[in-house]
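Novice: Give me the fold of what follows.
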Amino acid sequence: MQALRREGAHSRRTREALNPPFQLQRNLFVLQIPFLRVIRGRNRMSVERTTVYFEKPGKENTAETLKIARDAAIERDIDTVLISSTTGWTALEALKVFEVNGLNIIFVTHQTGYRGPGMQLMPPETRKKLEEAGAVVYTGTDVLTGSVDVGMSRQRPPKTAPQEGRLPHIVPPVSAIVAHTLRLFSQGVKVCVEIALMAADAGLVSVDKPVVSVAGSHAGSDTAMVITPASSNRIRELKIHEILAKPL
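Specialist: Down below sits the predicted model:
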């Protein structure tokens, strides 16, 4: 399942005459999207990229998504790849794909307590194995789904009036609005943005150059993006440059 690569205008027209640009290949769609083009007589530059759309979200797209992310980082001279991993399964799969390529790999986990009080979903032995392989494993606050405002909206003291308990559903916190807006694209898009914010907050990535961010829909990976990170308190400075892959 190879993504379509950059090609000349003549060969592209020939290919599109034989095959429509929207194609079904096994479990994924490949859509050739020309974002910009060179316009004669104007000082404009353009580039064509490929976006891969998976037919369904899920764990089965992990290997393909990781390869897309790796190839995109190498082709664009991006030195850092962020990968969301909850239990460590995706992270261990990523070690196979990113082996010996000089990229800076950062795995971002859920915050401790996300699933239950004091609970960390990535086992310590998995974290140790990843770190021994040269990767960075970061655990911090899930800035869109685990911060104080989200906690206040989810947790209602037993004696709180029912009317007060309904208030967060009437006026949701801004972080929840941002998260739900990003989920309109896919769950993975939300997480790709979230881990870029988390890594920037921790000082693990530069806010002046892009990274490749990889995430998924509850298990595995099915979404990859090129993002220039920003700290969560400067979220409007975050830039989404490309969606490399996502589920339909």
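
Novice: quick one: the strands in this protein?
Specialist: For the chain, the strands defined by DSSP state E cover 22-25, 28-34, 48-54, 80-84, 104-109, 136-139, 211-217, 219-228, 239-247.

Novice: per-residue confidence averaged over the first one?
Specialist: It stands for strand 22-25. Mean pLDDT, strand 22-25: 52.

Novice: What sits closest to the residue positioned nearest the centre of the chain if chain neighbours are left out?
Specialist: Compute the mean C-alpha point of the chain, and by Cα atoms, centre = their mean the closest residue is Cys192, 2.5 Å away. Excluding the flanking residues, the one nearest Cys192 by Cβ to Cβ, 6 or more residues apart in numbering is Ser213, at 4.0 Å. No exception for glycine: its C-beta is placed from N, CA and C like everyone else's.

Novice: Contact partners for Gly88?
Specialist: By Cβ atoms under 8 Å, 6 or more residues apart in numbering, the contact set of Gly88 is 107, 122-123, 126-127, 130.

Novice: low-scoring stretches of this structure, by residue?
Specialist: Counting by pLDDT under 70, the chain shows low-confidence ranges at 1-44, 100, 150-171.

Novice: now the helices for it?
Specialist: 9-18, 62-75, 89-97, 124-132, 148-154, 162-170, 174-183, 187-201 (DSSP state H).

Novice: what about the residue nearest to Cys192, distance to Arg127?
Specialist: 20 Å (Cβ to Cβ, to the nearest Å).

Novice: neighbour-wise, which of those two wins?
Specialist: Counted by other Cβ atoms under 10 Å, Ser213 and Arg127 do not tie: Ser213 has more neighbours, with 31 against 19.

Novice: I'd assumed Ser221 was in contact with that one.
Specialist: No: the pair Ser213 / Ser221 is not scored as a contact, 10.5 Å apart, by Cβ atoms under 8 Å.

Novice: Only C-alpha atoms, please: export stretch 67-79 in PDB.
Specialist: Extracted in PDB, the C-alpha atoms of stretch 67-79 (Å, rounded to 0.1, in the frame of the first residue of the first chain):
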ATOM      1  CA  LYS A  67       5.700   4.300   7.600                       C
ATOM      2  CA  ILE A  68       3.900   7.300   6.200                       C
ATOM      3  CA  ALA A  69       5.100   9.400   9.100                       C
ATOM      4  CA  ARG A  70       8.700   8.100   8.800                       C
ATOM      5  CA  ASP A  71       8.900   8.800   5.100                       C
ATOM      6  CA  ALA A  72       7.300  12.300   5.400                       C
ATOM      7  CA  ALA A  73       9.800  13.200   8.100                       C
ATOM      8  CA  ILE A  74      12.800  12.100   6.000                       C
ATOM      9  CA  GLU A  75      11.500  13.700   2.800                       C
ATOM     10  CA  ARG A  76      10.700  17.100   4.500                       C
ATOM     11  CA  ASP A  77      13.900  17.100   6.600                       C
ATOM     12  CA  ILE A  78      12.000  17.000   9.800                       C
ATOM     13  CA  ASP A  79      14.000  15.600  12.700                       C
END
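
Novice: Centre of the chain to that stretch, how far?
Specialist: 14 Å (Cα atoms, centre = their mean, to the nearest Å).

Novice: so which of the helices of the chain is the most packed in?
Specialist: helix 187-201 (a mean of 26; mean count of other Cβ atoms under 10 Å).

Novice: could you give the angle of that one to strand 211-217?
Specialist: 140 degrees (axes from the mean of the first three to the mean of the last three Cα atoms, to 10 degrees).
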